[in-house]
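Visitor: sequence first, then the predicted structure, then my questions.
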Protein chains: 2
Amino acid sequence: MFLGTYRHAVDAKGRLAIPARLRERLPEGSVISKGAEGCLRIYPPEEWTREQGEQRLTSLSPAEARRLARMMFGAARECEFDAQGRIVLSADHRSYAGISSTAWVVGVNNVIEIWNDEDWRRIGEATPEEYTRVQDQVAERRRSIDR
Amino acid sequence: MFLGTYRHAVDAKGRLAIPARLRERLPEGSVISKGAEGCLRIYPPEEWTREQGEQRLTSLSPAEARRLARMMFGAARECEFDAQGRIVLSADHRSYAGISSTAWVVGVNNVIEIWNDEDWRRIGEATPEEYTRVQDQVAERRRSIDR
DNA sequence: CACAAAGTGGGGAAAAGTGGGGAAAATGAT
DNA sequence: ATCATTTTCCCCACTTTTCCCCACTTTGTG
């Protein structure tokens, strides 16, 4: 399980240090690809293959399946760390996520997400009121199931 | 698994450098042929034979099967690298894929695809909105399995 | 406060990508 | 069959990118 939010620098060479807490849980062969709402996502190997498997289950025409495969695999790279625990974000990934000199690295359950400042503030941050509302919803939901 | 999207030059002699990351996973005896939506496709040997095997299983009339075999095998060439890691795209392949001075080389799971600029932008590129939609579908799928 | 671990930045060697010259081979015409 | 022309392919040179290594700063911890 990946937890926590970290703000790190992206240097002129596109290098980004993955926080040690998250990195130590990332096995060899993890994959970084493009994610929803304009973030980047790092998948551990099992998560990556699981994702691909589930996509195959969504009944698609051959043409749709080809497009999907091109999107997912074409956008992905193997996640390679240097001796300092950094990965290099490709120019394509940086422009997709709108990342220049800083990035937010966020542990989200089974995956790690990477955001630019602005999008993370907009999408990721939440006020006490929003937490209250969300947790109320969950509680309501549970109540109606338990009954 | 082949991953990633790369834009490379095609020189006056029709030579195209295959990205080192992809090339190192391509065994001797790989095959390049024509693919769907106007791309070229490089198959590792096992993928090539698997493809041909599966096509034999799809119940075709003998005439259709012969036509298919002529198309697939006739369009194919063995994939030969020079000392710099380049292959030569035949004139036929270049005109099929509409490739002149640049090409996109894309890792798509078990095969490598080669595209011209325009077609790749049209077929292969995807916006954050599309990635969001795809991942929504997978999440929906997962929800219905878990239930 | 001292020490260790984590994060940041940059220089330089090595690898990858690009372009062209010229020998060898193939093709075609006389 | 011979010669001319084109094509193929091997080799070399150059440029750009990648990545490996070192050093410094910051943060966290005993």
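Guide: Here it is on my side, so go on.
Visitor: so how far is the longest helix along chain A off the chain centroid?
Guide: Using DSSP state H to define each element, chain A has its longest helix at helix A:128-146. Computed by Cα atoms, centre = their mean, to the nearest Å, the separation of helix A:128-146 from the middle of its chain amounts to 25 Å.
Visitor: which secondary structure elements does that helix contact?
Guide: Judged by 3 or more Cβ pairs under 8 Å, 6 or more residues apart in numbering or on different chains; DSSP states H and E, helix A:128-146 is in contact with no other helix or strand. Every residue, glycine included, has its C-beta placed from N, CA and C.
Visitor: got the residues of chain A near DNA strand C?
Guide: A:6, A:8-9, A:11-13, A:15-20, A:23, A:84-86 (Cβ under 7 Å from any atom of the strand).
Visitor: do a quick rundown of the helices in chain A.
Guide: Using DSSP H, helices in chain A cover A:20-23, A:45-57, A:62-74, A:91-97, A:117-119, A:128-146.
Visitor: if we can go back for a sec, go through the longest helix of chain A and flag the buried ones.
Guide: Judged by neighbour count (16 or more other Cβ atoms under 10 Å in any protein chain shown), helix A:128-146 contains no buried residues.
Visitor: CA atoms only for it, dumped as CSV, please.
Guide: Taking Å, rounded to 0.1, in the frame of the first residue of the first chain, the C-alpha atoms of helix A:128-146 are listed here in CSV:
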residue,chain,number,x,y,z
PRO,A,128,-12.3,19.6,6.0
GLU,A,129,-15.9,20.1,4.6
GLU,A,130,-15.1,17.9,1.7
TYR,A,131,-13.7,15.1,3.9
THR,A,132,-16.8,15.4,6.0
ARG,A,133,-19.1,15.1,3.1
VAL,A,134,-17.2,12.1,1.6
GLN,A,135,-17.1,10.2,4.8
ASP,A,136,-20.8,10.9,5.4
GLN,A,137,-21.6,9.4,2.0
VAL,A,138,-19.6,6.3,2.8
ALA,A,139,-21.3,5.9,6.1
GLU,A,140,-24.8,6.4,4.5
ARG,A,141,-23.9,3.8,1.9
ARG,A,142,-22.8,1.3,4.5
ARG,A,143,-25.9,1.8,6.6
SER,A,144,-28.1,1.0,3.6
ILE,A,145,-26.1,-2.1,2.7
ASP,A,146,-26.1,-3.5,6.3
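Visitor: and residue A:56, what pLDDT?
Guide: On the pLDDT scale, residue A:56 is placed at 82.
Visitor: again, but for residue A:145
Guide: pLDDT for residue A:145: 86.
Visitor: residue A:34 reaches residue B:130, doesn't it?
Guide: No: using Cβ atoms under 8 Å as the test, residue A:34 is too far from residue B:130 to be in contact (9.5 Å).
Visitor: overlap of the contact sets of these two?
Guide: Residues touching both residue A:34 and residue B:130 by Cβ atoms under 8 Å, 6 or more residues apart in numbering or on different chains: residue A:71.
Visitor: in terms of secondary structure, what does the top strand by length along chain A contact?
Guide: Counting by DSSP state E, the longest strand found in chain A is strand A:102-108. When contacts are defined as 3+ Cβ pairs under 8 Å, 6+ apart, strand A:102-108 sits against strand A:5-9, helix A:20-23, strand A:111-115, helix A:117-119.
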